[in-house]
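Peer 1: Show me how the following folds:
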Amino acid sequence: MHLIITDAWLARSRAIHLSGSRLVLSALVLSLVLMVVAAGLYHWVFLKGARERWPIVGSLVRLVVQDEFEQRDKFMRENLDVLARQLGEMQAKLTQLESLGERVSGLAGINAAEIKAKPGRGGALVTGRPLSMDELQATLADLDRLTSQRTDLLTVLESRLFDQKMRNMMIPTQKPVFDGNLGSDFGWRIDPITGRSALHTGLDFQADAGTPILAAAGGVVVVQEYHPAYGNMVEIDHGNDLVTRYAHASAVFVKKGDIVRRGQKIAAVGTTGRSTGAHLHFEVLVQGVPQDPQKFLAAGGNLAAQQLAANTERPVRAVAKGASARATRARTPQR
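Peer 2: Here you go, the predicted model:
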């Protein structure tokens with residue numbers, strides 16, 4: 001391609017030869033220059049029209065801004081819906097976790113108010129910045145996972161504590177007669193009727209006739225009969241080959257097959273059978289072999305003492321803390 005450039009002032013001309021590649025390159029450069037000029041002109045006109053509020057340009061600006069706000073609002077609504085669902089699930093899990101905590105604390109003998117107490121937190125603020133949406137969602141996800149783990153852990157603890165409590169409830173640690181005085185211990189003694197040495201297979205509790213006899217632990221009544229030696233007798237099976245026997249009763253208030261709970265009134269003190277006076281003969285048998293009931297009752301007494309000490313220790317600490325605080329305020333000079 002040949003281009004002839006003529007200068008009328010100097011009265012001369014100049015010929016330029018353009019090959020195909022040069023022609024394409026020149027066209028690209030010219031197009032690029034025109035695009036930059038057009039973009040700059042459009043940008044200048046658009047900004048000038050927006051500042052001076054030209055009618056057409058102002059309408060376009062409002063449409064663009066409105067569309068941007070609508071997109072942002074839609075994005076926020078979608079994210080808020082997701083966060084609302086996550087918060088609803090978290091609220092349900094926290095309610096379940098609180099209920100589990102109350103049950104576990106009750107089984108473990110812990111005051112539930114101590115668990116619900118809000119922990120103190122604080123410190124100097126070094127730097128601060130707002131959380132982004134991604135960071136907030138990641139924090140909620142971590143909290144949801146941690147809550148699920150704690151719920152599973154408390155569920156396992158509740159199951160094990162409940163099993164332990166049930167086993168403890170089936171061990172005869174309850175004194176069968178509240179006001180009864182111990183008359184004869186377990187072991188060898190002088191028989192009160194024959195006057196000869198004989199093995200005493202239980203404990204004798206001296207009490208007035210008609211005094212309630214209580215179940216030493218929960219279980220099932222397996223024997224309720226009159227025995228020539230034991231008189232009116234009740235036997236309760238507590239599981240694991242553990243049986244308690246209550247003898248010489250004047251009256252019996254349960255029958256074979258009944259399920260009884262710890263501390264339930266099952267009979268009344270009497271002097272039926274081979275007896276010299278009103279008392280309760282109490283036995284504990286493991287696999288049919290008589291054991292010393294005092295060992296079981298002593299274990300129950302130690303447990304009750306520990307629970308009583310734990311329950312009274314917290315109020316004493318609270319009173320001591322309050323007295324210390326009042327003394328500190330009294331020593332502080334008034335200004």
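Peer 1: ok, which stretches of the stretch 51-200 of the chain are strands?
Peer 2: 181-184, 187-190, 197-200 (DSSP state E, counting those that start in this stretch).
Peer 1: Identify the residues contacting Lys255.
Peer 2: The neighbours of Lys255, taking CB atoms under 8 Å, 6 or more residues apart in numbering as the test, are Val221, Gln224. C-beta coordinates here come from the backbone N, C-alpha and C atoms, glycine included.
Peer 1: quick one on the thing from earlier: want to throw the strands of the stretch 51-200 of the chain into JSON lines with distance to Gln264 and mean neighbour count?
Peer 2: Formatted as JSON lines, these follow (distance: least, CB to CB, whole Å; neighbours: other CB atoms under 10 Å):
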{"stretch": "strand 181-184", "distance to Gln264": "22", "mean neighbour count": "14"}
{"stretch": "strand 187-190", "distance to Gln264": "29", "mean neighbour count": "11"}
{"stretch": "strand 197-200", "distance to Gln264": "26", "mean neighbour count": "12"}
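Peer 1: Could you dump those strands into TSV with mean pLDDT and distance to Asp208 added?
Peer 2: Shown next, in TSV, are these (pLDDT from 0 to 100; distance: least, CB to CB, whole Å):
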stretch	mean pLDDT	distance to Asp208
strand 181-184	87	11
strand 187-190	92	23
strand 197-200	92	22
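Peer 1: Go through those and name the closest to Val221.
Peer 2: Nearest to Val221, of all these, is strand 197-200, at 24.2 Å by CB to CB.
Peer 1: Can you pull out the residues in contact with that closest one?
Peer 2: By CB under 8 Å, 6+ apart, the residues outside strand 197-200 that reach it are Ser184, Asp185, Phe186, Gly187, Trp188, Arg189, Ile190, Asp191.
Peer 1: State the distance from the fifth one to Val37.
Peer 2: Yep, that's Trp188 we're talking about. 121 Å (CB to CB, to the nearest Å).
Peer 1: quick one: Val220 is in a strand?
Peer 2: Yes - counting by DSSP: H, G, I helix; E, B strand; the rest coil, Val220 is part of a strand.
Peer 1: and it, what is it in contact with?
Peer 2: Listed by CB under 8 Å, 6+ apart, the contact set of Val220 reads Ile236, Asp237, Gly257, Asp258, Ile259, Val260.
Peer 1: Among those residues, which ones are in strands?
Peer 2: Members of the contacts of Val220 lying in strands (criterion: DSSP state E): Ile236, Asp237, Ile259, Val260.
Peer 1: List only buried entries from those residues.
Peer 2: Among the ones in strands among the contacts of Val220, those classed as buried by 16 or more other CB atoms under 10 Å are Ile236, Asp237, Val260.
Peer 1: re the thing from before, now render the contacts of strand 197-200 as CSV, adding distance to Thr271.
Peer 2: Below are the contacts of strand 197-200 laid out as CSV (distance: CB to CB, whole Å):
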residue, distance to Thr271
Ser184, 14
Asp185, 20
Phe186, 20
Gly187, 23
Trp188, 23
Arg189, 18
Ile190, 19
Asp191, 16
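Peer 1: Nearest to Arg103 among these?
Peer 2: Phe186 (38.5 Å).
Peer 1: Pull the number of nearby residues for that closest one.
Peer 2: 20 (other CB atoms under 10 Å).
Peer 1: still on that earlier bit, okay, the contacts of Val220 in JSON lines with distance to Val177 and pLDDT next?
Peer 2: Listed next are the contacts of Val220 as JSON lines, based on distance: CB to CB, whole Å; pLDDT from 0 to 100:
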{"residue": "Ile236", "distance to Val177": "15", "pLDDT": "96"}
{"residue": "Asp237", "distance to Val177": "21", "pLDDT": "95"}
{"residue": "Gly257", "distance to Val177": "24", "pLDDT": "94"}
{"residue": "Asp258", "distance to Val177": "20", "pLDDT": "95"}
{"residue": "Ile259", "distance to Val177": "22", "pLDDT": "94"}
{"residue": "Val260", "distance to Val177": "16", "pLDDT": "95"}
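Peer 1: thought Phe201 was touching Pro290?
Peer 2: Careful, residue 201 is Thr; it's not Phe. Yes - the criterion here is CB atoms under 8 Å, and Thr201 meets it with Pro290 at 3.9 Å.
Peer 1: what's the overlap in contacts for these two?
Peer 2: In contact with both Thr201 and Pro290: Phe186, Glu283, using CB under 8 Å, 6+ apart.
Peer 1: residue contacts, the nearest residue to Val269 once chain neighbours are set aside?
Peer 2: Excluding the flanking residues, the one nearest Val269 by CB to CB, 6 or more residues apart in numbering is Thr211, at 4.2 Å. By CB under 8 Å, 6+ apart, the contact list for Thr211 reads Val177, Asp179, Gly180, Ala268, Val269, Leu280.
Peer 1: Remind me which helix or strand Met35 belongs to.
Peer 2: Following DSSP states H and E, the helix or strand that holds Met35 is helix 20-52.
Peer 1: quick one: average confidence on that helix?
Peer 2: Helix 20-52 shows an average pLDDT of 74 in the prediction.
Peer 1: picking that back up, in helices only, show me the contacts of Thr211.
Peer 2: Judged by DSSP state H, helices contain none of the contacts of Thr211.
Peer 1: Just the buried residues of these.
Peer 2: With burial judged by 16+ other CB under 10 Å, the buried subset of the contacts of Thr211 is Val177, Gly180, Ala268, Val269, Leu280.
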